[in-house]
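Chemist: based on what follows, work out the 3D shape:
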Amino acid sequence: MHQILKLDKVKSITCLSTATIYRLIKCGKFPKQVKLSERAAGWLEQDIDTYIDLCKDGGSKTHNTFDHTGEAKGGL
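Modeler: Below is the predicted model:
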């Protein structure tokens, strides 16, 4: 089963600000949201867990990039 996380929860888990999350998404360094309805979106918990694991493994200078589905696709 997939767990969907809203922005406040993602911010709490990652300790990142809203601006930083959206900047990293734009650069391909953070998973994109899943569209839930016309006005609602969230992140798959698994994608956020993967992001955190990549940060632990590579540090902030070597974040792996994410494709449009949020899947990790290799280092920078």
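Chemist: C-alpha from now on. contacts and neighbour counts both.
Modeler: Will do.
Chemist: give me the helix or strand of the chain that scores worst on average pLDDT.
Modeler: Ranking every helix and strand in the chain by mean pLDDT, DSSP states H and E puts helix 45-58 at the bottom, with a mean of 93.
Chemist: low-confidence ranges in the chain?
Modeler: For the chain, applying pLDDT under 70 flags the ranges 59-65, 67-76.
Chemist: find the helix or strand that the most centrally placed residue in the chain is a member of.
Modeler: For the chain, the residue nearest the mean C-alpha position is Pro31 (3.3 Å; C-alpha atoms, centre = their mean). Secondary structure assignment for Pro31, by DSSP states H and E: no helix or strand.
Chemist: before we move on, the earlier item: buried ones in the least confident helix or strand of the chain?
Modeler: Residues of helix 45-58 classed as buried by neighbour count (16 or more other C-alpha atoms under 10 Å): Glu45, Asp47, Ile48, Thr50, Tyr51, Ile52, Leu54.
Chemist: how about the strands in the protein?
Modeler: Secondary structure of the chain (DSSP state E): strands at 4-5, 34-37, 40-44.
Chemist: between those strands, which one is nearest to Thr20?
Modeler: Thr20 lies closest to strand 40-44 among these, at 15.2 Å (C-alpha to C-alpha).
Chemist: alpha carbons of that closest one, as PDB, please.
Modeler: The C-alpha atoms that make up strand 40-44 are tabulated as PDB, following Å, rounded to 0.1, in the frame of the first residue of the first chain:
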ATOM      1  CA  ALA A  40      -4.500  18.200  -4.300                       C
ATOM      2  CA  ALA A  41      -1.100  16.600  -4.500                       C
ATOM      3  CA  GLY A  42       1.300  14.800  -2.200                       C
ATOM      4  CA  TRP A  43       4.500  12.700  -2.200                       C
ATOM      5  CA  LEU A  44       4.800   9.000  -2.000                       C
END
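Chemist: direction included, what does that strand pair against?
Modeler: Strand 40-44 pairs in its sheet with strand 4-5 (antiparallel), strand 34-37 (antiparallel), by DSSP bridges.
Chemist: any chance of the ones you listed in TSV, with distance to Cys27 and mean neighbour count too?
Modeler: Formatted as TSV, the strands paired with strand 40-44 follow (distance: least, C-alpha to C-alpha, whole Å; neighbours: other C-alpha atoms under 10 Å):
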stretch	distance to Cys27	mean neighbour count
strand 4-5	21	18
strand 34-37	17	11
